[in-house]
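*Asks:* sequence below, structure please.
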Amino acid sequence: MDPVTAAAERFGTAPALITPDATISFAECSTLAGSIATQLQQQGQRDGSVAAIVSPNTVEMVLCIYALLKAGMVAAPLNHRLPETTLKRMKDALCADILLNAEKCTSLVSAARTSPARMTPPDNGLLSPATIIHTSASTGSAKAVMHSASSHIANAQGANANIPFGPGCLWLLSLPLFHIGGCAILFRSLISGGAIAIDSPGASIQSSLTRFPLTHLSLVPTQLYRLLSMDEAAIPLQRLRAILLGGAPARESLIEEAARRHLPVYLSYGSTEMGSQIATTPSPLTAPGVPPLMLLAGREAETDTDGELLVRGNCLFSGFVHNGTLLPATDSEGWFHTGDIGTIADDGSLRVMGRKDSMFITGGENIHPEEIERALLQVDGILEALVVPVPDSEYGERPAAFIRSATPGLPDEKSIKEQVRRQVGTLKTPVLLCRVCQWATLPGSEKVDRKWYQKVAREYRTGGVSDGLSA
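*Replies:* Got it, this is the predicted structure:
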C-alpha cells in the first residue's frame, strides 16, 4: 500500500495540511491525490513515469506529489529559481515524461475538487522509485538522487524516533521541496500523523511563526541567524518543541546564542543520498559548545582509511539518475562514500571535520578549510567565514579567507591573523584576508558558492581584479 493511502486509513480526518485558508485531512489528501493520479493516467502517464515539478512550495504541489506516490510515478521537484537553461538541462537529463509547473499543479487540484475520479492502483510496491531529488551542488555539479518510498519511510522512522512528531504537532514547510530536508517532512507526516503548515509562497518564516501554532521547524543556519537578529521572533521560537538545524555546519557563536535563548535546537548531519538525517543530537541544546551527533536508528557509519565517512542503511538511495539510467553508487559492501571527513566514536557519536574535496595540501600537510573557518569564527566580531586555497610558490597552496564582520573594517587584519595563528598555527593562518558584505551563493540556494570564491581568490593572489572585494 502506498504511504498516502496508508496514512488516510490510519489517521482519517486528522489534519494533514494546514494553509492560511484551509485545513485538509489525511483522508481528503488521499481522495484528492487519487483523483489527480487518475487525470495523469488518463493523459497517458503510467507507473514509473517521471514527473519534473517546477514550483514553489504550495499545497497544490504537495497534493501532486502525493498523487504521484499513489500512482507509482516518480516525483522530481526542481529548483524553480534556477535559470531556464539550467532547468532544461536538468529536465533533459531526467528524461522526464511530464512537466508540472505551479499552474499545472493548481489546475490538477482544481479538477480533482470539481470532478473527483477513482484511480487504477498500480501494480508496484514501496521499493519502486518514488522521488528524484538533486544534491545542492555546493562542491560540484548537482546529482539526481533516486529514492524509493521505502527508503524515505526508513529515514522518517529514525528521525521521528529521535524528535517525536505526531498527532497534535505542526511542522512548517520552511525548506523547499526540491531539497531533501523539505521532502523528508512529507514522509515524517505520512507515517506519524503530524500535520504540515504551508504558508503562501514568499511568506517569511517570521510571519509564519505568528500565523500558525507551530511545534516544529526546519532551518539552515543562515535562516536561524536572520531570525535571531529579529527580537520579535524570539518568543515564537521559544514556544516550539523542536528546531532542526541542518544543511550546513553551524558556527559555534550561533549555537551559543540559541542555547542562551533556550531554543529547542537540534543539530543534524545528513545527505540527500541518505534521505535527510544521518546523525542528530539526541536532545536540544542546553549549554554552549558543539555537542556530538548520534547516529539515528537504521543508519550505519564507518570511516575509510583516509578518514572519509561511509554510510549505509535502509534509508540509502537507489542510485544516481543520468539520461534516464540509474547508476549504482555504493561499493561492494554497500557503503556510500559521502565525501565528508569525520570521526566515529565507540558510542556512535559522530563528528564531521569537513569535505574531502575541499581539503588542500600546504607544505605536505593536509589542510581542512573548515578547521580554519571555525578558528575565524572564534574571533569576536566575525559573523561568517569561508576559506579556500590559493597558489603559493613555496608551500604549493596556502589558505585565503573571506569574512563578513559585524562592523566594517573590524576586527583589523593583524588581530585576526594573530588570534587564528594562536589557535591553528602559522601554516594554517590565512595569507589573504578579504571582507564581503553579501555572499555569492549557488543559484536558488542559501549555500555559499565555494568554487566562485576560490576563483576570485586565485585571481586576486595573481594580480587579477577581485570584483566587490577588498583585502
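
*Asks:* quick one: average pLDDT of whichever strand or helix holds Ser207?
*Replies:* Using DSSP states H and E, Ser207 falls within helix 205-211. Mean per-residue pLDDT for helix 205-211: 94.

*Asks:* need the CA coordinates for it. PDB is fine.
*Replies:* Extracted in PDB, the C-alpha atoms of helix 205-211 (Å, rounded to 0.1, in the frame of the first residue of the first chain):
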ATOM      1  CA  ILE A 205       9.400  32.400   8.300                       C
ATOM      2  CA  GLN A 206       8.900  35.200  10.900                       C
ATOM      3  CA  SER A 207       5.300  35.800   9.700                       C
ATOM      4  CA  SER A 208       4.600  32.100   9.600                       C
ATOM      5  CA  LEU A 209       5.700  31.800  13.200                       C
ATOM      6  CA  THR A 210       2.900  34.100  14.200                       C
ATOM      7  CA  ARG A 211       0.300  32.800  11.700                       C
END
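
*Asks:* which residues sit against that helix?
*Replies:* Here helix 205-211 makes contact (C-beta atoms under 8 Å, 6 or more residues apart in numbering) with 20, 172, 174, 197, 199, 203, 214, 217, 219, 223, 227, 230, 232-233, 236-237. For the C-beta atoms, the positions are set from N, CA and C on the backbone; glycine is no exception.

*Asks:* which other helices and strands does the next helix or strand after that helix contact?
*Replies:* The helix or strand immediately downstream of helix 205-211 is strand 216-219, counting by DSSP H and E. Strand 216-219 is packed against strand 170-172, helix 180-192, helix 205-211, strand 242-245, with contacts defined by 3 or more C-beta pairs under 8 Å, 6 or more residues apart in numbering; DSSP states H and E.

*Asks:* show me which residues of stretch 398-415 are buried.
*Replies:* For stretch 398-415, the neighbour count (16 or more other C-beta atoms under 10 Å) marks 398-403, 405, 411 as buried.

*Asks:* related to what we said a few turns ago, export the helices and strands packed on strand 216-219 to CSV and tack on distance to Glu302 and mean neighbour count?
*Replies:* Formatted as CSV, the helices and strands packed on strand 216-219 follow (distance: least, C-beta to C-beta, whole Å; neighbours: other C-beta atoms under 10 Å):
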stretch, distance to Glu302, mean neighbour count
strand 170-172, 32, 23
helix 180-192, 22, 25
helix 205-211, 37, 17
strand 242-245, 25, 25
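
*Asks:* could you dump the ones you listed into CSV and include distance to Arg261?
*Replies:* Shown next, in CSV, are these (distance: least, C-beta to C-beta, whole Å):
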stretch, distance to Arg261
strand 170-172, 19
helix 180-192, 23
helix 205-211, 14
strand 242-245, 11
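
*Asks:* in the buried residues of stretch 398-415, which has the lowest confidence score?
*Replies:* Ser405 (91).

*Asks:* give me the low-pLDDT residue ranges for the stretch 1-150 of the chain?
*Replies:* Scanning the stretch 1-150 of the chain for pLDDT under 70 picks out 123, 137-140.

*Asks:* check the stretch 301-450 of the chain too.
*Replies:* 444.

*Asks:* rewinding a little: nearest to Met119 among the buried residues of stretch 398-415?
*Replies:* Checking the buried residues of stretch 398-415 against Met119 with C-beta to C-beta, the nearest one is Phe402 at 52.4 Å.

*Asks:* pretty sure the closest one sits against Cys434.
*Replies:* Yes: using C-beta atoms under 8 Å, Phe402 is in contact with Cys434, at 4.9 Å.

*Asks:* now do the contacts for Pro129.
*Replies:* With contacts defined as C-beta under 8 Å, 6+ apart, Pro129 is in contact with 48, 74, 146-148, 318, 326.

*Asks:* let's go with 7 Å and repeat that
*Replies:* By C-beta atoms under 7 Å, 6 or more residues apart in numbering, Pro129 lies in contact with 48, 74, 146, 148, 318.

*Asks:* bridging residues for it?
*Replies:* Ser148 (DSSP bridges).

*Asks:* mind listing what the helix or strand containing Glu397 pairs with, with the direction of each?
*Replies:* Using DSSP H and E, Glu397 maps to strand 396-405. Applying DSSP bridges, strand 396-405 is found paired with strand 382-392 (antiparallel), strand 432-435 (parallel).

*Asks:* domain assignment for this structure?
*Replies:* With domains defined by automatic domain parsing, the chain comprises 3-353, 359-461.

*Asks:* please identify which two of the buried residues of stretch 398-415 are farthest apart in space.
*Replies:* Applying C-beta to C-beta across those, the maximum distance is between Arg398 and Ser405, 21.7 Å.

*Asks:* spit out the contact partners of the nearest residue to Val62 once chain neighbours are set aside.
*Replies:* With sequence-adjacent residues excluded and distances taken as C-beta to C-beta, 6 or more residues apart in numbering, Val62 is closest to Leu17, at 6.2 Å. Shown here is Leu17, whose contacts under the criterion C-beta under 7 Å, 6+ apart are 24, 29, 59, 62, 195-196, 198.

*Asks:* turn those residues into TSV, columns for secondary structure.
*Replies:* As requested, the contacts of Leu17 are arranged in TSV below (DSSP: H, G, I helix; E, B strand; the rest coil):
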residue	secondary structure
Ile24	strand
Cys29	helix
Val59	helix
Val62	helix
Ala195	strand
Ile196	strand
Ile198	coil
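
*Asks:* Asp36 is in contact with Ala67, isn't it?
*Replies:* Careful, residue 36 is Ile and not Asp. Yes: Ile36 lies in contact with Ala67 (C-beta atoms under 7 Å); the separation is 3.6 Å.

*Asks:* please enumerate the helices of the protein.
*Replies:* Assigned by DSSP state H, the helices in the chain fall at 3-11, 26-42, 59-71, 84-94, 102-114, 149-162, 180-192, 205-211, 221-228, 234-238, 252-260, 369-377, 413-424, 450-461.

*Asks:* can you tell me which of these is most buried?
*Replies:* Of those, the one with the most neighbours on average (mean count of other C-beta atoms under 10 Å) is helix 59-71, at a mean of 27.

*Asks:* what residues does that one touch?
*Replies:* Outside helix 59-71, the residues that touch it by C-beta under 7 Å, 6+ apart are 2-5, 17, 19, 29, 32-34, 36-37, 40-41, 47, 51, 53, 55, 74-75, 100, 105-106, 108-109, 119, 122, 130, 149, 177, 186, 198.
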